[in-house]
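Asks: could you work out the structure for the sequence below:
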Amino acid sequence: FAGILISIASIIVIFKLTETNLTWSAISQAKPEMLLIAFILHALFWLLWAFRLKLLFSFLKQEISMGYALETTLASMFLAAITPSSAGGEPLRVKMLVDKGASIGSASAVILAERLLDAVFFISALPIFMFLSGFSAKLGRDVGIIFFVSLVLFIAVLYIGVKKPERADALVEKLYPVLKKFFRAKKAEKICHYITKELRMFVDAARELANNSFNQIMTVTLLTAAIWIFEFLVPSAVLMAFAQSPFILFSITSQLIIVLLSLVPITPGSSGIAEASMLYLYSRFVTAYAVGILVGIWRGITYFSTLIVGFIVTAKVLKTKY
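Replies: Purely as a prediction, here's the structure:
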């Protein structure tokens, strides 16, 4: 409810800041077929994400159905939409993969691979699209640099952990005295043993994923690009529904910046942050009255629809499985 209220309040403020009378007039002249295409693009984002999850899981010689992958994706996107920085989605995807026979370590490796693929796409695509579009935004450069430095540091730590798993074991050993303060010695030892075993499985799974053939790695890389390009085309389809230029290159560049800004863990589902970023970036190339419509409908398609569909799927999972 907090995420929904913040998002609706932000959209109302944006409507007030833009030319409201023209906005309502334009809404009445919308082309429904283009709005349907915008939603289909978002639905393809769901489907391709599910297919990527299925594909990555198969790289570990384990299988899930496309239906289960889609169920996992939608349920996790619901939790991501109600937590800051979308942090709630990954633990649920791990849990649902574990339910299909994966270890926590190997399931975590699959989900981490997803996030790394996304991160590499963002950091590669942002400078390319800024160059192609000529869209100059200091905000985009600053966000891109911060994200790039964070990604390099994270990959360096991950590389050390995978290359030298004994360092992770040493960290677990240091955890033992802390656990003894809360549990009996035998229980603390058992927990440490369990964590060490799962970390080893994570390392093995990460190595197995990294050692896949070039063709397999390129397939998931291109699939990741397709996932996000379909999602980033939603605003262009919405603009076309209101007889506006789609501004495809400008729009994709802006969407990349918005996604990176949305990682800031402040509000549930980045509500308020996403809308404000959209207003700031799109007002540079979209007419004032169209920005209000764009933000409202874009958020409705990409956020509110995910909340509704994700909630239904999550309720089904809870009812039938847990």
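
Asks: list the buried residues in stretch 97-117.
Replies: Across stretch 97-117, burial judged by 16 or more other C-beta atoms under 10 Å covers 97, 102-114, 116-117. (C-beta placed from N, C-alpha, C; glycine too.)

Asks: let me see the mean pLDDT of it.
Replies: Mean pLDDT, stretch 97-117: 86.

Asks: do the same with stretch 222-231
Replies: Here stretch 222-231 scores 95 as its mean pLDDT.

Asks: and residue 166, what pLDDT?
Replies: As predicted, residue 166 sits at a pLDDT of 68.

Asks: so which elements touch the longest helix along the chain?
Replies: When the chain is parsed with DSSP state H, its longest helix is helix 104-133. In terms of contacts (3 or more C-beta pairs under 8 Å, 6 or more residues apart in numbering; DSSP states H and E), helix 104-133 is packed against helix 32-58, helix 89-98, helix 138-163, helix 185-210, helix 214-232, helix 248-261.

Asks: list of residues touching the second one?
Replies: Pointing back at helix 89-98 there. For helix 89-98, contacts defined as C-beta atoms under 8 Å, 6 or more residues apart in numbering pick out 53, 57, 64, 68, 71-73, 75-77, 79-80, 83, 104, 107-108, 110-111, 115, 317.

Asks: out of those, which are buried?
Replies: 53, 57, 64, 68, 71-73, 75-77, 79-80, 83, 104, 107-108, 110-111, 317.

Asks: worst-scoring helix or strand of the protein, pLDDT-wise?
Replies: Lowest by mean pLDDT, DSSP states H and E among the helices and strands of the chain is helix 20-27, with a mean of 62.

Asks: and residue 69, what does it touch?
Replies: Per C-beta under 8 Å, 6+ apart, neighbours of residue 69: 50, 51, 53, 54, 57.

Asks: any weak-confidence spans in the stretch 101-250 of the chain?
Replies: Residue ranges of the stretch 101-250 of the chain with pLDDT under 70: 136-141, 160-162, 165-169, 213.

Asks: ok, back up a step: just name the most buried of the helices and strands packed on helix 104-133.
Replies: Mean neighbour count (mean count of other C-beta atoms under 10 Å) peaks for helix 248-261 among these, with a mean of 23.

Asks: now, which of the contacts of residue 69 sits nearest residue 278?
Replies: residue 50 (26.1 Å; C-beta to C-beta).

Asks: these two touch, right, that closest one and residue 70?
Replies: Yes. Judged on C-beta atoms under 8 Å, residue 50 makes contact with residue 70 at a distance of 4.0 Å.

Asks: for the residue nearest the centre of the chain, which non-adjacent residue is spatially closest?
Replies: For the chain, the residue sitting closest to the mean C-alpha position, by C-alpha atoms, centre = their mean, is residue 86 at 6.8 Å. Nearest residue to residue 86 in three dimensions, chain neighbours excluded: residue 80, at 3.8 Å (C-beta to C-beta, 6 or more residues apart in numbering).

Asks: the one you found contacts residue 269, doesn't it?
Replies: Yes. The pair residue 80 and residue 269 passes the contact test of C-beta under 8 Å, sitting 7.4 Å apart.

Asks: which residues are common contacts for these two?
Replies: The contact lists of residue 80 and residue 269 share residue 86, where a contact means C-beta under 8 Å, 6+ apart.

Asks: look up how far residue 298 lies from the closest residue to residue 264 other than its chain neighbours.
Replies: Nearest residue to residue 264 in three dimensions, chain neighbours excluded: residue 273, at 6.3 Å (C-beta to C-beta, 6+ apart). According to C-beta to C-beta, to the nearest Å, residue 273 stands 14 Å off from residue 298.

Asks: next: residue 6.
Replies: Counting by C-beta to C-beta - residue 6 and residue 298 are separated by 16 Å.

Asks: quick one: which of these two has more around it?
Replies: residue 298 (25 against 20; other C-beta atoms under 10 Å).

Asks: need the pLDDT of that one.
Replies: 91.

Asks: list the contacts for it?
Replies: Shown in contact with residue 298 (C-beta under 8 Å, 6+ apart): 234, 235, 238, 278.
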